[in-house]
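Visitor: Okay, predicted coordinates and the sequence, questions at the end:
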Amino acid sequence: MNFTLIGVALLALAVEKPAAENPVFRELLDRGITASDGTVLRLPKPIVADGLDAAGQRAAMEKAPNRRRSVVELTGKSYYTPVEISIRNLTPAKDERPIVRAVDIWFVVHGDWDLLNSKGFIESVMKTGENAKSHVVLKSGFLTEKELASRKLTATVKQNSEERFVYSTIDLFDLVQVSATRFTVLTKGNESIVAAGRLDPRFATDPEYPNQWRPLVRDAQANIRPGKPHPFAHAGGYAKITRLKSPANAALIECHMVYEEDYGWFEGVNLVKQKVPAMVQEKVRVFRRKLTVATAEKAGKKE
């Protein structure tokens, strides 16, 4: 529902070495997310695997589930090139029980690969902390070493692999406020970057970064304020950025996530499916535009 995972996946410099094994990514694919009713939900494999030639990458995109447009359309160079978005229910809407939803997003961007990998560029596009505030993202960022130490937690950084604890609070359609802290692992290789994260149960009742949702209610003066907090305990996802062999200077960005939505969010209505696609399309356009400009500026400096 936001670009946090994609931002995490890009927040590091390019490294010309094979990617390290990503334990959270493997866990999401092999063991999945367990919903409150015990249902186990495994995330889908990436659309494009590493090690493929141009023909193999194209064939993989042709076989992508729920693809609505041709690969020719999806790899176009326009800012307005379509974004593939699928939002669906994984458990049935029944009575007032929670619903598990899956979100799959993928799109192609054009620009310099090293720039796309660079910390400076991504920080300029996806700011964290106070600079990230908007009517949707209220706060987001990484827990500091001091914050982790106070909780007796550690985040290890090794060659091609980096652990992070990522927090975010988002306002969904002025109806619900969702706060989540995820344990994420980023791994890097010659052809791709993978960032995978899952909701960390150790933050269930954390005083600063709790995993919770709160209804947004209006007081007598019509001011919106957060209501009583409720647990938010089932969510996970990953983002993968793959360097394409064709077209030249293109990359595929895909994001897959699963989360359990309490009935109290929207009384069972799939507002995410109704409202999020347009928001994602606009964010992707902005991202493409900034990458194109930055790529042109970088090329100009080399000349």
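Guide: Looks like it arrived, so ask away.

Visitor: now the helices: where do they sit in the stretch 201-303 of the chain?
Guide: Per DSSP state H, counting those that start in this stretch, the stretch 201-303 of the chain carries helices over the ranges 263-266, 271-302.

Visitor: Comparing those helices, which comes out most buried?
Guide: helix 263-266 (a mean of 18; mean count of other CB atoms under 10 Å). (Glycine included, C-beta is placed from N, CA and C.)

Visitor: how about low-confidence regions in this protein?
Guide: 1-20, 119-120, 122-135, 301-303 (pLDDT under 70).

Visitor: show me where the stretch 101-250 of the chain has strands.
Guide: 137-142, 157-158, 161-172, 176-188, 192-199, 212-218, 224-226, 230-231, 235-243, 250-261 (DSSP state E, counting those that start in this stretch).

Visitor: Direction included, what does the last one pair against?
Guide: Read that as strand 250-261. strand 99-110 (antiparallel), strand 235-243 (antiparallel) (DSSP bridges).

Visitor: In three-state terms, label the nearest residue to Asp104 once chain neighbours are set aside for me.
Guide: What sits nearest to Asp104 in space, not counting adjacent residues and going by CB to CB, 6 or more residues apart in numbering, is Ser86, at 4.4 Å. Here Ser86 is strand, with the state taken from DSSP: H, G, I helix; E, B strand; the rest coil.

Visitor: gap between Ser86 and Ala60?
Guide: 16 Å (CB to CB, to the nearest Å).

Visitor: Neighbours of Val71, how many?
Guide: 16 (other CB atoms under 10 Å).

Visitor: now swap in Arg198 and tell me
Guide: Neighbours of Arg198 (other CB under 10 Å): 21.

Visitor: So it is in contact with Ile33, correct?
Guide: Yes - counting by CB atoms under 8 Å, Arg198 touches Ile33, with 7.2 Å between them.

Visitor: Quick check: neighbours shared by the two?
Guide: Common contacts of Arg198 and Ile33 (CB atoms under 8 Å, 6 or more residues apart in numbering): Ala235, Gly236.

Visitor: The residue nearest to Pro277 when sequence neighbours are not counted: what's it in contact with?
Guide: Once flanking residues are discounted, Pro277 sits nearest to Ile85: 4.8 Å by CB to CB, 6+ apart. Ile85 is in contact with Val103, Asp104, Ile105, Val276, Pro277, Val280, Gln281, counting by CB under 8 Å, 6+ apart.

Visitor: Output those residues in CSV; the columns should cover distance to Asp114.
Guide: What follows is those, written out as CSV (distance: CB to CB, whole Å):
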residue, distance to Asp114
Val103, 29
Asp104, 28
Ile105, 24
Val276, 31
Pro277, 31
Val280, 26
Gln281, 27
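
Visitor: Pick out whichever of the residues you listed sits closest to Leu186.
Guide: Leu186 lies nearest to Ile105 out of the contacts of Ile85, by CB to CB, at 18.4 Å.

Visitor: and the closest one, how far is that from Pro98?
Guide: Relative to Pro98, and taking CB to CB, Ile105 is found at 22 Å.

Visitor: same check, this time on Leu28
Guide: 19 Å.

Visitor: Compare neighbour counts for the two and give me the winner.
Guide: More crowded of Leu28 and Pro98, by other CB under 10 Å: Leu28, with 24 against 21.

Visitor: quick one: secondary structure of the more buried one?
Guide: Leu28 ends up helix, using three-state DSSP.

Visitor: what's the closest non-adjacent residue to it?
Guide: Per CB to CB, 6+ apart, closest to Leu28 is Leu43, 4.4 Å.

Visitor: wait, the one you found sits on His256?
Guide: Yes - counting by CB under 8 Å, Leu43 touches His256, with 5.3 Å between them.

Visitor: who touches both of those two?
Guide: Gly237, Tyr238.

Visitor: Let me see the contact set for Arg67.
Guide: Applying CB under 8 Å, 6+ apart, the residues near Arg67 are Met61, Leu74, Glu84.

Visitor: Out of the residues you listed, which is nearest to Gln177?
Guide: Glu84 (28.5 Å).

Visitor: tally of neighbours for that closest one?
Guide: So Glu84, with other CB under 10 Å, has 20 neighbours.

Visitor: Would you indicate which residues of stretch 57-74 are buried?
Guide: Gln57, Arg58, Ala60, Met61, Ala64, Val71, Leu74 (16 or more other CB atoms under 10 Å).

Visitor: before we move on, what about stretch 238-251?
Guide: For stretch 238-251, using 16+ other CB under 10 Å, the buried residues are Tyr238, Ala239, Lys240, Ile241, Thr242, Arg243, Leu244, Ala250, Ala251.
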